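Chemist: Compute the structure for the input listed below.
(4 chains)
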Number of protein chains: 2
Amino acid sequence: MGISSTDLRRAGLFRGLTGCDLTGLLAVARPQQAAAGTTFFLADDQAARCYLLTAGYVKLVQAGLDGAEVVVRMVGPGEIFGWVAVMGGSCYPGTAEAVTDSAALAWDAEAVRRAILATPLLGLNALEAVGRRLREAQDRVRELATERAERRVARTLLRLADQAGTSTSGGVEIAIPVGRQLLADTAGATLHTVSRILAAWDHQGIIGGSRQRIILRQPDRLRALAEDDSEA
Amino acid sequence: MGISSTDLRRAGLFRGLTGCDLTGLLAVARPQQAAAGTTFFLADDQAARCYLLTAGYVKLVQAGLDGAEVVVRMVGPGEIFGWVAVMGGSCYPGTAEAVTDSAALAWDAEAVRRAILATPLLGLNALEAVGRRLREAQDRVRELATERAERRVARTLLRLADQAGTSTSGGVEIAIPVGRQLLADTAGATLHTVSRILAAWDHQGIIGGSRQRIILRQPDRLRALAEDDSEA
DNA sequence: CTTCGTCTTTGCGCCAGCGCAAATAGGAGA
DNA sequence: TCTCCTATTTGCGCTGGCGCAAAGACGAAG
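Modeler: Take a look at the predicted model:
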C-alpha cells in the first residue's frame, strides 16, 4: 500500500532532483492522514498547504449552487493536489475528501515557494504536472459539451481503471470503492442515468462487480463505446 | 492597440523579474503575427513554441469527434498560451486561431526550460498562470455538468466582458467580434439555443448590439441570471 | 444601387436524460 | 443468523435543448 520514500524519486514531481534536494524537501514535509470520508481541506479554506498523496485515493469535489456535487478530479498515490490555490495565494476551489484511508505529505505554501526558487527543476516538474491536469480538465470540458452521457461514463470508467486498475482473471478491477453516485458526479450525469447505463453493460457482459466494486470485463468494448463514432 | 514592451513587466508572467532577465527573455523571443482567421498552431502539431499574446484575441479550439468545436479558452493581450503542451513535450491539444488580427511573442520550448531554470521566479509566475487557468477550466467543468444553457451563456458573456469589455454610454461593449456560433462553442450550447436566448434578452433590454457585436446593457441582470438561484 | 454571402432568427418535432418515487438487494454489525 | 442501513435498480412522465430546414437581415464588394 502506498509509495515508499525511495519511490518518491520516481514520482513525477521529483524527477531529476538530487538526493540532497529530496532530503531537504522531505525534512520540511509534514505527514498527514485522512480516514475514508474525512477531508484534507474544505472548499473556500484559505490555501495554506499543498499535498503529495502517498497512499489511498482522494476526490476533489466542487459543490454547485443547488447542492449538486461535481468530482473535479480523482487523485491517486504519487499525485499532487492543492497546488493551484497555493500558488495563487487564494482559497481552495474545492474540497479534498479521502475516498479510502489516505496519507499525504504536506508542505506550507511559503516552503514550496522557497523550494522552487532554490530548486528550479522542481518548479518545472510542478508546471508539467499542473499542465497535464489542465489538459485533462480541458478534455473534460470538451466531453461535457459535446458527448452523450453514455460515452462520458465509459471514459470515466476507463480513466479510473487506468489510474487504479488491478488485472484479475475476470478483467480489470477498479481498486477504488466507486458507487454509482460518485461515478455520476465524476462523469457529469445523474445517479439514475449511470445506474441504467451500468445495468445495461452488466447484462451485455461488458462490466461486472457488485456494490461499490466495478470490474471491466471487456475493456475493449468500453473503449469502442468511448471512442468510436458508431457503435457495435 | 496591444501592449508595449514596458507593459510586459506588468504582465503576470514577468512580475518581479529584473530588467536584466526581461531583456534576456525578449532577446530570444520571436515576434509572430496572425491575421484574423489564421492560426498560430494547429491541434496535434508537435509543440515547439509557447506564446505570449501582445495584441488581438485568440481562441483555443478543440474539435470533437463529430466535428463539433469547443472553445477551450479565449486569450487576450498579456496572456500566455501554448505552454501546457510545451512543458509536457507533447502535441498541442487544440488549435490557436486568431479571432482578430493578432501579434504574439514566441519562445522555443528549450529556451523556456532554460529560462525557468535560470530564473526560477519565472517558473513560479508560469505556475500561477497555468494554475489560474486550471481553476477556470475546473469551474467550467462544474458549470457544464450542473448548470443550464441559459446560465452558461450568461456567464460566458460576463467573462468576455470582463476580458474585453469597453464601457460605452449604452453599457459594456465586448470588443471582440463574437458571433452566435462562437458564443455557442464557448458556452457549450448550440447556435440555435444561443440565438434564442440572446433574442429573448434583447427584447428584455438586457443586451443589445448587432451582427458580431454584443453590448451588455444591464450587466447586473445578467449577473443575476448567472448566479442567482431563483430568477427575476 | 444591386448582388452575394454570411450571420441570424424562428418554427416545429423529437429524444436523451433528469426528477420523483418506490421497490430491491447486499453488506455490516449485533 | 437476523436486522438495519445504504447502495442500487427501475418505471414513468416531463422538458430543456438539439436537429433540421427555411426565411430574413445585414454588410461588403463591385
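Chemist: From the centre of chain A outward, give me the first residue you hit.
Modeler: Centroid-nearest residue in chain A, with C-alpha atoms, centre = their mean: A:Met74, separated by 2.1 Å.
Chemist: Am I right that that one falls within a strand?
Modeler: Yes: applying DSSP: H, G, I helix; E, B strand; the rest coil, one finds A:Met74 inside a strand.
Chemist: tell me how far the longest helix along chain A is from the chain's mean position?
Modeler: For chain A, the longest helix by residue count, based on DSSP state H, is helix A:120-146. Helix A:120-146 sits 12 Å away from the centroid of its parent chain (C-alpha atoms, centre = their mean, to the nearest Å).
Chemist: Could I get the average pLDDT for it?
Modeler: Mean per-residue pLDDT for helix A:120-146: 93.
Chemist: Quick one: name whatever helix or strand follows it.
Modeler: Using DSSP states H and E, the next helix or strand after helix A:120-146 towards the C-terminus is helix A:149-164.
Chemist: hmm, that next one touching DNA strand D?
Modeler: No: figure legend: helix A:149-164 not in contact with DNA strand D (C-beta under 7 Å from any atom of the strand); closest approach 11.4 Å. Heads up, the C-betas are built off the backbone N, CA and C, glycines and all.
Chemist: which SSE is A:Val112 in?
Modeler: Element membership of A:Val112 [criterion: DSSP H and E] is helix A:109-118.
Chemist: Please identify the buried residues of that helix?
Modeler: Neighbour counts over helix A:109-118 (16 or more other C-beta atoms under 10 Å in any protein chain shown) mark A:Ala109, A:Ala111, A:Val112, A:Arg113, A:Ala115, A:Ile116 as buried.
Chemist: Quick check: bridge partners of the residue nearest to the centre of chain A?
Modeler: Residues in a beta bridge with A:Met74, per DSSP bridges, are A:Lys59.
Chemist: pretty sure it is touching A:Lys59, no?
Modeler: Yes: taking contacts as C-beta atoms under 8 Å, A:Met74 lies within contact range of A:Lys59: 5.5 Å.
Chemist: who's in contact with A:Val178?
Modeler: With contact set as C-beta atoms under 8 Å, 6 or more residues apart in numbering or on different chains, A:Val178 has these partners: A:Leu160, A:Gln212, A:Arg213, A:Ile214.
Chemist: Show me which of those residues are buried.
Modeler: Buried among the contacts of A:Val178 (16+ other C-beta under 10 Å): A:Leu160, A:Ile214.
Chemist: Next, format the contacts of A:Val178 as JSON lines and append distance to DNA strand C and pLDDT.
Modeler: Shown next, in JSON lines, are the contacts of A:Val178 (distance: C-beta to the nearest atom of the strand, whole Å; pLDDT from 0 to 100):
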{"residue": "A:Leu160", "distance to DNA strand C": "19", "pLDDT": "95"}
{"residue": "A:Gln212", "distance to DNA strand C": "8", "pLDDT": "91"}
{"residue": "A:Arg213", "distance to DNA strand C": "8", "pLDDT": "91"}
{"residue": "A:Ile214", "distance to DNA strand C": "13", "pLDDT": "94"}
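Chemist: Which of the contacts of A:Val178 sits closest to B:Gly205?
Modeler: Sorting these by distance to B:Gly205 puts A:Leu160 at the head of the list, at 48.0 Å, by C-beta to C-beta.
Chemist: From DNA strand D, how far off is the closest one?
Modeler: According to C-beta to the nearest atom of the strand, to the nearest Å, A:Leu160 and DNA strand D sit 13 Å apart.
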